[in-house]
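[1] The sequence and its predicted three-dimensional model are supplied below.
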Amino acid sequence: MSGLLKADEEKLRSELKADALYDKDRKQSAVRLDEAFSKILLRYNAACTDDPMRQALADCQTAAVRDMLALLTAGTAQKEISKRRFRTGALITLLLAVIFGLVAALLIKEYYLVGCALMAAAALSAFLAGRLWYGEREVRVRAGLDPDVVWRTLKKTTETMDRKTAEFLDLSRGWQQEAAEAAPADGPALDGESLKLVGDLLEALYAGNGDYALRQLRQLTPWLRRQGVEVVDYGADSAELFELLPTKKATATQRPALVADGKLLLVGRATEHIDG
């Protein structure tokens, strides 16, 4: 999962930065990340078609992560009220405004121009006092996403998913092995044909009838061939498959060799004629 995420790193980080700097839309970022995880899951499952357990784990973990992406939009943007610190300059300019106003009122009749100038100075001082006076200021706060923090979180999440998947699969294999060792055999490993052959041989044994037993034993060779086991008699081209015993009688196979898929399953035994 982390490798697939890293393959899309450049594209995804660019899109997250665009959402944060230009669109300023956290919901769009959440939708984008949801789509990214969906595509990663599809590619991951396509690469693990021979491991359904791994696919199921990836689906479970990705579903939980995708549902949690909605938390990116859970924050709220509220107005914050902050107070300005009191400035002595506001008090001084207010006093000057009062002084200029009083003096202007006293002099405006005799010295009209001077009175007008003082009135203008009083108005300017009053304006400055209002600007400097203690008061409240309203500040707007916009909640946004840090693309770098989001990316680091995603990277850590996928690494955790990979680690937990590996740990669970190791545990699962251990559980399966323990269960296989502890579980009793479900039943005989022989199929119907094999059971019939064994039954016939046992019947011949219990009957104590040698001719009947030999007739039943003749079924053994074709049965072995149907199981993929070749019965090989002793000959010049198969001597390496046999243990040889000397005899003054004619060369003969005492026990055939058993071969399957080119591999020797059971060494045969044969007698070889020796003169004198």
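    Done, it's in.

[2] rounded to a whole number, what's the mean pLDDT of the longest helix anywhere in the chain?
    Longest helix of the chain, by residue count under DSSP state H: helix 147-182. Mean per-residue pLDDT for helix 147-182: 85.

[3] In terms of secondary structure, what does it contact?
    Under the contact criterion of 3 or more Cβ pairs under 8 Å, 6 or more residues apart in numbering; DSSP states H and E, helix 147-182 touches helix 2-7, helix 9-18, helix 26-47, helix 52-68. (Each C-beta comes from the backbone N, C-alpha and C, glycine too.)

[4] And whichever strand or helix holds residue 258, what's buried?
    Counting by DSSP states H and E, the element that carries residue 258 is strand 257-260. The neighbour-count check on strand 257-260 (16 or more other Cβ atoms under 10 Å) flags 257, 258, 259 as buried.

[5] Kindly reformat the residues you listed as JSON lines containing distance to residue 52.
    Formatted as JSON lines, those follow (distance: Cβ to Cβ, whole Å):
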{"residue": "257", "distance to residue 52": "42"}
{"residue": "258", "distance to residue 52": "38"}
{"residue": "259", "distance to residue 52": "37"}
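
[6] Checking my notes, residue 265 in a helix, right?
    No - assessed by DSSP: H, G, I helix; E, B strand; the rest coil, residue 265 does not belong to a helix; its assignment is strand.

[7] Now it: closest residue in space, sequence neighbours ignored.
    With Cβ to Cβ, 6 or more residues apart in numbering as the criterion, residue 265 has its nearest non-adjacent residue at 4.2 Å, and that residue is residue 258.

[8] what's the distance between residue 264 and residue 230?
    10 Å (Cβ to Cβ, to the nearest Å).

[9] any shared contact partners between those two?
    The contact sets of residue 264 and residue 230 overlap at residue 258 (Cβ atoms under 8 Å, 6 or more residues apart in numbering).

[10] residue farthest from the centroid of this protein?
    Distance from the centre of the chain peaks at residue 110, with 92.0 Å (Cα atoms, centre = their mean).

[11] dump the residue contacts of that one.
    For residue 110, no contacting residues are found, by Cβ under 8 Å, 6+ apart.

[12] helix, strand or coil for it?
    With three-state DSSP as the basis, residue 110 sits in coil.

[13] okay, and for the stretch 101-250 of the chain, where does confidence drop off?
    For the stretch 101-250 of the chain, the stretches flagged by pLDDT under 70 are 132-143, 183-191.

[14] Need the residues that contact the helix or strand hosting residue 206.
    Per DSSP H and E, residue 206 falls inside helix 192-207. For helix 192-207, contacts defined as Cβ under 8 Å, 6+ apart pick out 188, 190, 212, 213, 215, 216, 217, 219, 220, 223, 226.

[15] now those: which count as buried?
    Listed as buried from those are residue 216; burial here means 16+ other Cβ under 10 Å.

[16] quick one: which of the contacts of helix 192-207 is nearest to residue 27?
    Comparing these against residue 27 with Cβ to Cβ places residue 188 closest, at 63.6 Å.

[17] Before I go, just wanted to say thanks for your time.
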